[in-house]
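In: Predicted coordinates and the sequence they were generated for:
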Amino acid sequence: MIPVDGYTTALTTQVASSNPPDLAWVLERDAPDFVSSGALADLTPTFKATNGYDLGELTPTAKKLWQKDGDLYAYPFSTSPFGLFYNKDLLARAGVTEDPSQLLAAGQWTWQHAEQMAAQVAARVSGKSGLVLRDWEYKTWTVLGTLWGGFGANGWSADGKTCEFASPQMVAAMTFLHNAIFTDKALPGPGTTADFFAGDSGLTVTQISRASLLKSKPFAWGVVPLPAGPAGDAQVFGQAGIGVLAKGKHAQQAADFLAFFSDKANSAKLAQYFPPARTSLINAADLAKVNPLFTPGQLQQVVVDGIRTGTVLAPHTNSAKLQTLVQSALDPLWKADANVSSVLAGVCRAIDPVLGQ
Amino acid sequence: MRRNDALIGWLFIAPQVLGFAAFVLWPLISVFWNSFYRTNLLSGISTFAGVGNYQQLVTDPVSPTVARVTFFFCIGLVVLNLGLAMLLAVLLNQRLRGAAVFRTVFFSPVVVSLVAWTIVWNFLLQDNGGINSLLHVVGVDGPNWLRGDTTALVSVIVVQVIKNVGLNMVLFLAALRGVPRPLLEAAEIDGAGPWRRFRSIVFPMISPTTLLAAIVTVSGSLQVFAQIQILTGGGPADSTNVLVYYFYQQAFQNHDFGYGSALAVVLFLIILALTLAQWRLRRRWVFHES
């Protein structure tokens, strides 16, 4: 087994040494790199030639990242929206009167409310944390896209050429986050670990596919879409594609297998593990059959609407370089006395040369 | 008969020679070769870049930080390691009760797995970890060790020193045992105090060992990788990003093999130069070499 941290490195090394696997899982942040480099084989001819495959029913938002000149280079295998899970027991112990689903129903589900709720848990329930942005750990900053989307902010422009880390929207989003961490203590500080699924925190933002960690019902929980920010509602999803390596020894057989694996019948079976990309399967009733952990209402709000309206998390052709450069340039922000705008201006100085390439 | 002997000799060393050629020599040559190319690993396209990757070293805004961090890391580690090792060796060389126990205690981290050792320290150094809990008991509010620019570098150095100081301590201890007693007794009769005896007799007599320990520690300090990877990942804000970690980052995280190779060549040249310099300078300060 390869840990997710080193997965892309291991895959890239295999490709470089001309010994690639036949099929490979590709993460969304690496999609532009893999698709544009020619490392993946074009799947369109095989899918079109497969009886009853119905390539047309894959949703455009799910396909977007894996296409080049209208052809599909990887099957959007899992399209997993981010949602906000909450621990009902901990919220009750903190004296929270209106929980996130009630606020959502009342049209008041905002980051402001989520942050106040988290601060309340951290302050009133001893030894517990408020809100955890899962997998962020003050390193994997792409996860912050779940927050700044609601503020109308983006890391870079749509064409990937201009840095937008210093934009007023981003400054507002990061100021909000900084206050939440260092003033209101709503999020555990740098170097403090807290796992929502072990009952350590009141709320967490993570992908819906992580719900499998709640199978043993460790506590009463709920899940809602990401809160709205000042710029309105912005849902985000993470994606993984499965592609056929062009240099693989059995490229055609691999493509045939992928066509079988992702046809209508098999996609329906796989939907219990990975939210599907086929229009006919993205409805709460069908998803509820294979996802007993969720209520149809939750599936509708988080999965169906999330996939329909959401955007994918921060892809770029130079994602590997940007990952390390932004992480390092954002580090000074995670101190109580940081100057948010000047740190964000520093992020742009660090990544401008790479964006311009 | 002679030819047979030669053949058998070659057969004996063949496994080592083949291993060296395959896993040291060939990669070394490849790194030199790659450092003159720009390679897109995914598309498999390599273009000749001349000295482009080396020029990038000059224009890269991160390289001054990496150079500074590497320098301070190396100096801090070498001074602390050699100083502490020598101090421990001198103390344990006294005929004290329980010296053997202390010797074992200080040496034991050397045989512990590096990764296991570092992971345990990673837990201890967290903001809500063991060290700050201990400090809290005595009323001190400890810093967030691995997240502060200075404390992160100091933490990595100290974790590495405690891990390896035992090895140099044993080397020094063996050297101290080799200092002839009559020399020390004669000095004592002449009225030399303990410090004077150490400075004028012991230190020069153990200088060959000091040279060896210095060479091994300096080149070792430039190759510290796992500790950085586990404890800080080069952060915060590159404050622990030493050259060997930076080249890993460029080659294996950013997939920039050309630039990563150029950095590896520079690291190789630095270690080579430092080792040669120490070797050449030995005549000035190493005493008693046949």
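Out: Now that the structure is in, tell me what you want to look at.
In: drop to CA atoms for contacts and neighbour counts, all remaining ones
Out: Will do.
In: Please enumerate the helices of the stretch 1-150 of chain A.
Out: A:7-16, A:31-37, A:44-49, A:60-63, A:88-93, A:100-105, A:111-124, A:145-148 (DSSP state H, counting those that start in this stretch).
In: now, of those, which is deepest in the fold?
Out: Compared across those, helix A:145-148 shows the largest average neighbour count, a mean of 24 (mean count of other CA atoms under 10 Å in any protein chain shown).
In: which other helices and strands contact that one?
Out: If you count contacts as 3 or more CA pairs under 8 Å, 6 or more residues apart in numbering or on different chains; DSSP states H and E, helix A:145-148 packs onto helix A:168-182.
In: right, and the helix or strand after the helix it packs on?
Out: strand A:201-207 (DSSP states H and E).
In: Now the closest residue to chain A within the stretch 101-250 of chain B, what are its backbone angles?
Out: Residue nearest to chain A within the stretch 101-250 of chain B: residue B:237 (4.4 Å; CA to the nearest CA). Torsion angles at residue B:237 (phi, psi; degrees, to the nearest 10) stand at phi 50, psi 50.
In: How about the one 5 residues further on?
Out: Note on residue B:242: its backbone torsions stand at phi -80, psi 160 [degrees, to the nearest 10].
In: that older thread, okay if I get the helices of the stretch 1-150 of chain A as CSV plus mean pLDDT?
Out: Listed next are these as CSV, based on pLDDT from 0 to 100:
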stretch, mean pLDDT
helix A:7-16, 87
helix A:31-37, 88
helix A:44-49, 94
helix A:60-63, 85
helix A:88-93, 94
helix A:100-105, 94
helix A:111-124, 95
helix A:145-148, 94
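In: Show me what from chain B comes close to chain A.
Out: Proximity of chain B to chain A (CA under 8 Å from any CA of the partner chain) is limited to residues B:41-44, B:126-128, B:144, B:146-147, B:235-238, B:252-255.
In: Point out where the chain drops to low pLDDT.
Out: Here I'm looking at chain A. A:1-3, A:5, A:314 (pLDDT under 70).
In: other chain: chain B
Out: Across chain B, the ranges flagged by pLDDT under 70 are B:1, B:285, B:287-290.
In: Show me the strands in it, by range?
Out: B:37-40, B:45-48 (DSSP state E).
In: by contact count, what packs against the first one?
Out: Taking 3+ CA pairs under 8 Å, 6+ apart as the contact definition, the neighbouring helices and strands of strand B:37-40 are strand B:45-48, helix B:257-285.
In: Of all those, which one comes closest to residue A:123?
Out: Closest to residue A:123 of these, according to CA to CA: helix B:257-285, at 46.7 Å.
In: Could you list every helix and strand in contact with the closest one?
Out: Using 3+ CA pairs under 8 Å, 6+ apart, helix B:257-285 sits against helix B:26-34, strand B:37-40, helix B:52-59, helix B:207-221, helix B:243-248.
In: Tell me the buried residues in stretch A:149-165?
Out: A:149-156, A:160, A:162-165 (16 or more other CA atoms under 10 Å in any protein chain shown).
In: actually stretch B:159-178, not the one I wrote
Out: B:159-173, B:175-176.
In: hmm, back to that, out of the helices of the stretch 1-150 of chain A, which gets nearest to residue B:218?
Out: The nearest among the helices of the stretch 1-150 of chain A, by CA to CA, is helix A:7-16 at 29.9 Å.
In: hmm, who's touching the closest one?
Out: A:2, A:20-21, A:24, A:26, A:30, A:39, A:247, B:41-42, B:44, B:252-253, B:255 (CA atoms under 8 Å, 6 or more residues apart in numbering or on different chains).
In: Would you mind listing what in the stretch 201-350 of chain A touches chain B?
Out: Counting by CA under 8 Å from any CA, the residues of the stretch 201-350 of chain A that sit close to chain B are A:320, A:321, A:324, A:327, A:328, A:329, A:330, A:331, A:332.
In: The first one reaches residue B:251, doesn't it?
Out: No. Counting by CA atoms under 8 Å, no contact exists between residue A:320 and residue B:251, whose distance comes to 10.6 Å.
In: quick one on the thing from earlier: so can I have a markdown table of the helices and strands packed on helix B:257-285 showing mean neighbour count?
Out: What follows is these, written out as a markdown table (neighbours: other CA atoms under 10 Å in any protein chain shown):
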| stretch | mean neighbour count |
| --- | --- |
| helix B:26-34 | 15 |
| strand B:37-40 | 20 |
| helix B:52-59 | 15 |
| helix B:207-221 | 19 |
| helix B:243-248 | 23 |
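In: which stretches of the stretch 51-200 of chain B form helices?
Out: Counting by DSSP H, counting those that start in this stretch, the helices of the stretch 51-200 of chain B are B:52-59, B:63-92, B:99-111, B:114-124, B:130-137, B:149-177, B:181-189, B:194-197.
In: So which elements touch the second one?
Out: Meaning helix B:63-92. Using 3+ CA pairs under 8 Å, 6+ apart: helix B:63-92 touches helix B:99-111, helix B:149-177, helix B:207-221, helix B:243-248.
In: Which one, of the helices of the stretch 51-200 of chain B, ends up nearest to residue A:286?
Out: That would be helix B:114-124 among these, by CA to CA, at 44.4 Å.
In: how near is the closest residue to chain B within the stretch 51-200 of chain A to residue B:131?
Out: In the stretch 51-200 of chain A, the residue that lies nearest chain B is residue A:191 (5.3 Å; CA to the nearest CA). Between residue A:191 and residue B:131 the computed distance is 13 Å (CA to CA, to the nearest Å).
In: and what of residue A:66?
Out: For residue A:66 relative to residue B:131 (CA to CA), the value is 48 Å.
In: okay, those two: which has more neighbours?
Out: Remark: of residue A:66 and residue B:131, residue A:66 carries more neighbours, 25 against 17, as counted by other CA atoms under 10 Å in any protein chain shown.
In: how about residue B:82, what does it touch?
Out: B:165, B:168, B:213, B:214.
In: correct me, but the second one touches residue B:85?
Out: Yes. Taking contacts as CA under 8 Å, residue B:168 lies within contact range of residue B:85: 5.6 Å.
In: What parts of the stretch 1-150 of chain A come near chain B?
Out: So far as CA under 8 Å from any CA goes, the stretch 1-150 of chain A lies against chain B at A:9, A:12, A:13, A:15, A:16, A:34, A:37, A:38, A:39.
In: Could you check how many residues crowd around the residue of the stretch 201-350 of chain A found nearest chain B?
Out: Using CA to the nearest CA, residue A:328 is the residue of the stretch 201-350 of chain A that sits closest to chain B, at 4.4 Å. Using other CA under 10 Å, residue A:328 is surrounded by 20 other residues.
In: How much space separates it from residue B:155?
Out: From residue A:328 to residue B:155 the distance is 19 Å (CA to CA).
In: got it, and residue A:109?
Out: To residue B:155, residue A:109 is 43 Å away according to CA to CA.
In: next one: residue A:178
Out: 26 Å.
In: before we move on, the earlier item: pull out the buried members of the contacts of helix A:7-16.
Out: Counted by 16+ other CA under 10 Å, the contacts of helix A:7-16 give A:20, A:21, A:24, A:26, A:30, A:39, A:247, B:41, B:42, B:252, B:253, B:255 as buried.
In: Report the beta-bridge partners for the third one.
Out: Right, the one you point to is residue A:24. Beta bridges link residue A:24 to residue A:243, judged by DSSP bridges.
In: pretty sure it is in contact with residue A:247, am I right?
Out: No. Residue A:24 is not in contact with residue A:247 according to CA under 8 Å; the separation is 12.0 Å.
In: Specify the beta-bridge partners of residue 40.
Out: No chain specified, so I'll use chain A. According to DSSP bridges, beta-bridge pairing links residue A:40 with residue A:245.
In: meant chain B, my bad for not saying
Out: Beta-bridge partners, per DSSP bridges, of residue B:40: residue B:45.
In: Done for today, thanks.
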